[in-house]
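>>> sharing a model prediction with you, sequence too.
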Amino acid sequence: MNAPQNTGNENIPAHVAIIMDGNGRWATARGLSRTEGHRKGAEAARHVVEAAGELGIRYLTLFAFSSENWNRPADEVNDLMNLLRYYLKKETAELHKNGARIKVIGDRSALPIDIVKLIENAENLTRDNAKITVVLALNYGGRQDIIFAAKELARQVRADETDLATVNENSFSRYMMTGDIPDPDLMIRTSGESRISNFLLWQMAYAELYFTDTLWPDFSKKDLKDAVAHFSGRDRRFGGLSQSHEIQG
Ligand code: IPE
Ligand code: IPE
Ligand code: MG
């Protein structure tokens, strides 16, 4: 295991979130089935996880299946579930060996029970790993995340476990499915679409957004490095003034 390169001095984003889009178009352009595109997309994800570790990124969130993706034809949903099964079985040990903690966000109650078991197994096996946290968003929707959080807060207030007057942005964040991880610094979407598609709505308030025309199956380690380099040059003001302005006084 290599030591993380992120010493806090370089401008490496701590958390990168990716909307892995364009598998279908990649396949169609080659006369292949959409499923072939998803298979190739899963390989790209493996390389990007490796690259993220090498760059010293501490959290990598991958949008693999949205709460709206059930609207696709049953055959495609079924193939996606099979791929997920296959990769959870195949990749968990490898990720564990490389010091990755696996965490799944999304409503897992609607996923096939054997996949839920594979997820629990992966999370339990890797829970103490600290090199990188790989967050898989499965049956995830940003609005659903906010509603689940609001419901849990309401339940606690009703049970007198939480005082409503003390609730603020920080405490509310902890009810989100990403409660124990920092907000994304950089959000990448491939395939030329510039929309968020109900991804981490609450968490992306101040993320830098990076859109590239590259289709996800073609997204390489170098593409991740390019996105990170782009991020490093950004001036994140968080509503204030830029650092250079402050230094100049
Ligand atoms: C992203 O690729 C993968 C999932 C949403 C599961 P798409 O399947 O959306 O590919 P396009 O957008 O149709 O090309
Ligand atoms: C977003 O891509 C979801 C994932 C990448 C898992 P979609 O392809 O589902 O999004 P839309 O339909 O183009 O907004
Ligand atoms: Mg798409």
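Okay, I see it. Ligands and ions are numbered 1, 2, ... in the order given.

>>> what about this structure, any weak spots by pLDDT?
1-10, 244-249 (pLDDT under 70).

>>> give me the next element, helix or strand, following the lengthiest helix in the chain.
Identified as the longest helix of the chain according to DSSP state H is helix 74-97. Counting by DSSP states H and E, the next helix or strand C-terminal to helix 74-97 is strand 100-105.

>>> separation between residue 197 and residue 166?
Separation of residue 197 from residue 166 (C-beta to C-beta, to the nearest Å) stands at 33 Å. From N, CA and C alone the C-beta is placed, and that goes for glycine too.

>>> those two - which one has more neighbours?
The neighbour count for residue 197 versus residue 166, taken as other C-beta atoms under 10 Å, is higher for residue 197 (14 against 7).

>>> who's in contact with the more buried one?
For residue 197, the contacting residues are 19, 21, 63, 66, 68, by C-beta atoms under 8 Å, 6 or more residues apart in numbering.

>>> hang on, the earlier thing: for the longest helix of the chain, buried residues please.
In terms of neighbour count (16 or more other C-beta atoms under 10 Å), helix 74-97 has its buried residues at 79, 80, 81, 83, 84, 87, 88, 91, 92, 95.

>>> next one: stretch 16-30
16, 17, 18, 19, 20, 21, 22, 23, 24, 25, 26, 27.

>>> identify the farthest-apart pair in those.
16 and 27 (25.1 Å; C-beta to C-beta).

>>> residues near residue 205, how many?
Residue 205 has 11 neighbours, counted by other C-beta under 10 Å.

>>> no wait, residue 110
Residue 110: 11 neighbours (other C-beta under 10 Å).

>>> give me the spatial nearest neighbour of it, chain neighbours excluded.
Using C-beta to C-beta, 6 or more residues apart in numbering and skipping residues adjacent in sequence, the residue nearest residue 110 is residue 139, 5.5 Å away.

>>> tell me the SS of the one you found?
In three-state terms, and counting by DSSP: H, G, I helix; E, B strand; the rest coil, residue 139 is strand.

>>> hang on, it packs against residue 107?
Yes - taking C-beta atoms under 8 Å as the definition, residue 139 is a contact partner of residue 107 at 5.0 Å.

>>> which residue ranges of this protein form strands?
For the chain, the strands defined by DSSP state E cover 15-19, 59-66, 100-105, 132-140, 186-189, 208-211.

>>> how many neighbours does residue 124 have?
Residue 124, neighbours per other C-beta under 10 Å, totals 10.

>>> how about the residues of the chain by ligand 2?
Proximity of the chain to ligand 2, by C-beta under 6 Å from any ligand atom, involves residues 19, 20, 21, 63, 64, 65, 66, 69, 193, 195, 197.

>>> what is the nearest of the residues you listed to residue 225?
If you rank these by distance to residue 225 using C-beta to C-beta, residue 20 comes first, at 16.9 Å.

>>> I figured the closest one hits residue 65, correct?
No - counting by C-beta under 8 Å, residue 20 stays clear of residue 65, with 10.1 Å between them.

>>> between the residues of the chain next to ligand 2, which is nearest residue 41?
If you rank the residues of the chain next to ligand 2 by distance to residue 41 using C-beta to C-beta, residue 20 comes first, at 6.0 Å.

>>> contact partners for the closest one?
Contacts for residue 20 (C-beta under 8 Å, 6+ apart) come out as 41, 44, 45, 62, 63, 64, 190, 216, 219.

>>> which among those end up buried?
By 16+ other C-beta under 10 Å, the contacts of residue 20 give 41, 44, 45, 62, 63, 64, 190, 216, 219 as buried.

>>> which residues of the protein fall in helices?
Per DSSP H, the chain carries helices over the ranges 23-28, 34-55, 74-97, 113-126, 142-158, 169-173, 221-232, 243-248.

>>> close to ligand 1, is the first one?
Yes - if you take C-beta under 6 Å from any ligand atom as the test, helix 23-28 does meet ligand 1, through 23, 24, 25.
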